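A.B. asks: Build the 3D model from these lines:
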Amino acid sequence: MTKDITSTSGEELTQFVERIERLEEEKQATSNDIGEVYAVVKARGYDVRAIRQIVKMRKLDRDERKEMEAIIELYMAALNMT
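C.D. replies: You can find the predicted model right below:
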């Protein structure tokens, strides 16, 4: 079943699409900015992989982080990596 698009609905749809397009542009700009920061990190001699992992881990709360660390340690021991 299709809905008839009235003039008002068309205008609203246009606004949504334009907003999404603006947000996509902002997202791309932000992504570029993050890439530039990582380039500076690398140029200063820091390990980018480690920084990325730290950023990822800081998103977790303390309990989630501790649980993840315990699981990783368990898996590493099972793989004889310790």
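A.B. asks: make it CA atoms for all contacts and neighbour counts henceforth
C.D. replies: OK.
A.B. asks: quick one, domains of this structure?
C.D. replies: 1-46, 48-82 (automatic domain parsing).
A.B. asks: Among those, show the one with the smallest mean pLDDT.
C.D. replies: Among the domains of the chain, domain 1-46 has the lowest mean pLDDT, at a mean of 92.
A.B. asks: Which elements pack onto the strand or helix carrying residue 34?
C.D. replies: Here residue 34, judged by DSSP states H and E, is contained in helix 7-43. Here helix 7-43 touches helix 48-58, going by 3 or more Cα pairs under 8 Å, 6 or more residues apart in numbering; DSSP states H and E.
A.B. asks: Which strands or helices does the very next helix or strand once past the helix it packs on pack on?
C.D. replies: Moving toward the C-terminus from helix 48-58, the next helix or strand (DSSP H and E) is helix 62-78. The contact analysis (3+ Cα pairs under 8 Å, 6+ apart) places helix 62-78 against no helix or strand.
A.B. asks: tilt between helix 62-78 and helix 48-58?
C.D. replies: On the basis of axes from the mean of the first three to the mean of the last three Cα atoms, to 10 degrees, helix 62-78 is oriented at 130 degrees to helix 48-58.
A.B. asks: need the contact list for residue 80.
C.D. replies: Contact analysis of residue 80 by Cα atoms under 8 Å, 6 or more residues apart in numbering lists nothing.
A.B. asks: nope, residue 48 is what I was after
C.D. replies: The contact partners of residue 48, by Cα under 8 Å, 6+ apart, come to 38, 41-42.
A.B. asks: give me that answer again for 10 Å
C.D. replies: Residues near residue 48 by Cα atoms under 10 Å, 6 or more residues apart in numbering: 38-42, 54.
A.B. asks: Check the offset of the helix holding residue 34 from the chain's centre.
C.D. replies: 13 Å (Cα atoms, centre = their mean, to the nearest Å).
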